[in-house]
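Asks: Structural data only, the sequence is not supplied:
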């Protein structure tokens, strides 16, 4: 019912504002339009206030005191609080990075329209009519929309503040410096869709990972913790949360979808420094290409606007496999009839959005599509399962099954194949929501889910593969890991390159949001006394391989090392030496996996053992020294 202006906003505005515009686009009657409009005005004001406070903190003259509305931010915060903050900062005569966006656009445009007045009008309308605008009758809401024109006022203020809304909102999930260059995994949070991770090369790193920034002409401005990136439990994904309440011991944050999260510690300290004006949030950073983040985003924004005008990315319901779609929907709502399947998918996976990006449509087809459509989209087999009878000595497969159906059917086929050849009792697709079980079950569950969520489906060179032999199972997929080996071992948050596929599997309990999947594989293998899982992420080949070795480790040599060595070793170091009695050696990450210790602690132990000439290092692989191998051989021969 709303204009194309708001539809365009869903593609190009910072995510919270874009999601607010999306609600307007999807409103079906006058009360819904009115409610969505006023909520959008409040979200816009909260976002602009976050920019203004962060920019003021980077002011040139620190002797200029922050205005009272900023200094007095405390307790439960409302639309009015945030509007007062923006008004007071816009009135200050002090240089700060975003001053031109507030002192010019926020006050008046060339026709005399005042953004301050427009937002004040919308705030006053909300205060007069109350917070529960959805309870208004169709007639009364329609009269307000016609007489007071809140939708037109919101469109006008969005236009006035467009330069502020053009600043790209992003965070770095991970940063790395190696071989003389900085790289980062960036989430660009522009548009209402979930972001797909991008790798960028930098001239220098940012001070904080997993903190929100906006790109500006000469660098980046941190707006955390006025706005944070946290779990949105109602959506089974991560989302943006605004500061909502400031207390002495806790901060409360609320998302656009009313998800709440509590924070304390460092974030309370930073909020205090922001409101008293002692914190600086500006950092100089640019991509290594020399094109700053703002210029880079403006180019992409233009491309998105053109694509919206030229390409219609509607959901291809007719190309979905009805049996798969029905199975999935009934996992969520067992009473849903066939005609309700689309509405369930829209609500649970797409936040009600009907118009998607081409990447999102691609993921939906891979999830639910019939075999012909999946073949057309993927242009390769999705999964290739193979089993040998006797490891490498047997050149022929005793069974091989290639599947080109949708992801859910491929997952079903892979589970059935593994169950036949590995002997995991009772493993089925319907039972894959169980989060506990044997080491075999946990490893296969997490390994397979990782394979389908993080696979690069745009890489047509090879399918994902499951290869089973007597001693090991290899899970291979195109698509290198987007996180470091350290993060794979220690866990942590990361966004999938296929966010809709990830969200779909989380929604039915097949995966968790905590980024703990592969960490669980390591834990279960360690508790079962097996050799550490091997992980290889090959950047140049764009592949990822997880090898599960089913063999148990050798006997514990802990006391043996303490008795035989001429140097002192503690229990952790003796355990490392015991592990390295296995042939071939292990990487630092694999040793950390086996020991259940942080990688940084393992690295300290390895440095000590190398210095004592007990082990040797070749690249990232550690092995026992020859004289210790001889000792082990003699002990084993007794």
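Replies: Sure thing, it's come through. These figures come from a predicted structure and were not determined experimentally.

Asks: going forward, measure contacts between C-alpha atoms and count neighbours the same way
Replies: Will do.

Asks: so how far is the longest helix belonging to the chain from its chain's centroid?
Replies: As assigned by DSSP state H, the longest helix anywhere in the chain is helix 30-57. Centroid separation between helix 30-57 and its chain, computed with CA atoms, centre = their mean, to the nearest Å, is 24 Å.

Asks: Counting by contacts, list what it packs against.
Replies: Judged by 3 or more CA pairs under 8 Å, 6 or more residues apart in numbering; DSSP states H and E, helix 30-57 is in contact with helix 15-26, helix 79-90, helix 115-129, helix 138-148, helix 150-160, strand 219-222, helix 266-276.

Asks: avg pLDDT for the shortest one?
Replies: Averaged across strand 219-222, pLDDT comes to 89.

Asks: Strand partners (parallel or antiparallel) of that strand?
Replies: strand 212-216 (antiparallel), strand 282-283 (antiparallel) (DSSP bridges).

Asks: and that strand, which residues are buried?
Replies: The neighbour-count check on strand 219-222 (16 or more other CA atoms under 10 Å) flags 219-222 as buried.

Asks: now swap in the longest one and tell me
Replies: Of the residues in helix 115-129, those buried under the neighbour-count criterion (16+ other CA under 10 Å) are 115-116, 118-120, 122-123, 125-126.

Asks: Those into CSV, with extra columns for distance to residue 100 and pLDDT?
Replies: As requested, the buried residues of helix 115-129 are arranged in CSV below (distance: CA to CA, whole Å; pLDDT from 0 to 100):
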residue, distance to residue 100, pLDDT
115, 14, 89
116, 15, 90
118, 19, 93
119, 19, 95
120, 21, 94
122, 24, 96
123, 24, 96
125, 29, 96
126, 29, 94
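
Asks: what residues does whichever helix or strand comes after the longest helix of the chain touch?
Replies: Tracing the chain C-terminally past helix 30-57 and defining elements by DSSP states H and E, one meets helix 68-71 next. Contact with helix 68-71 is made by 53, 81, 84-85, 88, 275-276, as judged by CA atoms under 8 Å, 6 or more residues apart in numbering.

Asks: go on, stretch 120-134?
Replies: 31-32, 34-35, 38, 41-42, 79-80, 83, 150, 153.

Asks: Let's have the residues you listed in TSV, adding pLDDT, neighbour count and distance to residue 9.
Replies: Shown next, in TSV, are these (pLDDT from 0 to 100; neighbours: other CA atoms under 10 Å; distance: CA to CA, whole Å):
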residue	pLDDT	neighbour count	distance to residue 9
31	96	23	21
32	96	19	18
34	97	24	18
35	96	21	18
38	97	24	16
41	97	27	13
42	97	23	16
79	96	20	21
80	95	16	24
83	96	21	21
150	96	22	17
153	95	20	15
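
Asks: Show me which of the residues you listed is closest to residue 529.
Replies: Among those, residue 42 lies closest to residue 529 (CA to CA), at 55.4 Å.

Asks: In this structure the closest one contacts residue 79, no?
Replies: Yes. Residue 42 is in contact with residue 79 according to CA atoms under 8 Å; the separation is 5.4 Å.

Asks: how about the buried residues of helix 115-129 in JSON lines, adding distance to residue 582?
Replies: Output for the buried residues of helix 115-129, formatted as JSON lines (distance: CA to CA, whole Å):
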{"residue": "115", "distance to residue 582": "70"}
{"residue": "116", "distance to residue 582": "70"}
{"residue": "118", "distance to residue 582": "72"}
{"residue": "119", "distance to residue 582": "69"}
{"residue": "120", "distance to residue 582": "71"}
{"residue": "122", "distance to residue 582": "70"}
{"residue": "123", "distance to residue 582": "69"}
{"residue": "125", "distance to residue 582": "73"}
{"residue": "126", "distance to residue 582": "70"}
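
Asks: How far away from the center of its chain is the helix or strand that contains residue 254?
Replies: Assessed by DSSP H and E, residue 254 sits inside strand 251-255. In this view, strand 251-255 has its centroid 19 Å away from the chain centroid, taken as CA atoms, centre = their mean.

Asks: now for it, which elements pack on it?
Replies: strand 237-246, strand 260-263.

Asks: Now residue 457: closest residue in space that isn't a chain neighbour?
Replies: Leaving aside its chain neighbours, residue 457 sits nearest to residue 378 (6.5 Å; criterion: CA to CA, 6 or more residues apart in numbering).

Asks: A strand includes residue 545, no?
Replies: Yes. Counting by DSSP: H, G, I helix; E, B strand; the rest coil, residue 545 falls inside a strand.

Asks: ok, now which ones touch it?
Replies: 474-477, 534-537.

Asks: in the stretch 151-300 of the chain, which ranges drop under the pLDDT threshold?
Replies: 285-286, 290-291 (pLDDT under 70).

Asks: Show me where the stretch 301-450 of the chain has its helices.
Replies: 322-332, 341-350, 358-368, 371-378, 407-422, 439-453 (DSSP state H, counting those that start in this stretch).

Asks: Show me what secondary structure element comes after the last one.
Replies: Downstream of helix 439-453, the first helix or strand assigned by DSSP H and E is strand 464-468.

Asks: that older thread, just put the helices and strands packed on helix 30-57 in a markdown table and tack on distance to residue 348.
Replies: Formatted as a markdown table, the helices and strands packed on helix 30-57 follow (distance: least, CA to CA, whole Å):
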| stretch | distance to residue 348 |
| --- | --- |
| helix 15-26 | 15 |
| helix 79-90 | 29 |
| helix 115-129 | 29 |
| helix 138-148 | 27 |
| helix 150-160 | 28 |
| strand 219-222 | 32 |
| helix 266-276 | 31 |
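
Asks: With respect to residue 264, which of the strands paired with strand 219-222 lies nearest?
Replies: Here strand 212-216 is closest among the strands paired with strand 219-222 (CA to CA), at 17.1 Å.

Asks: Now do the closest one: everything it contacts.
Replies: Taking CA under 8 Å, 6+ apart as the rule, strand 212-216 contacts 167-172, 220-225, 227-229, 292-294.

Asks: Can you give me the buried ones in that strand?
Replies: Applying 16+ other CA under 10 Å to strand 212-216 flags 212-216 as buried.

Asks: One more: stretch 299-308?
Replies: Result for stretch 299-308 [16+ other CA under 10 Å]: buried residues 301, 304, 308.

Asks: try stretch 151-169
Replies: For stretch 151-169, the neighbour count (16+ other CA under 10 Å) marks 151, 153-161, 164-169 as buried.

Asks: what separates residue 399 from residue 470, distance-wise?
Replies: 14 Å (CA to CA, to the nearest Å).

Asks: Brilliant, that's me finished.
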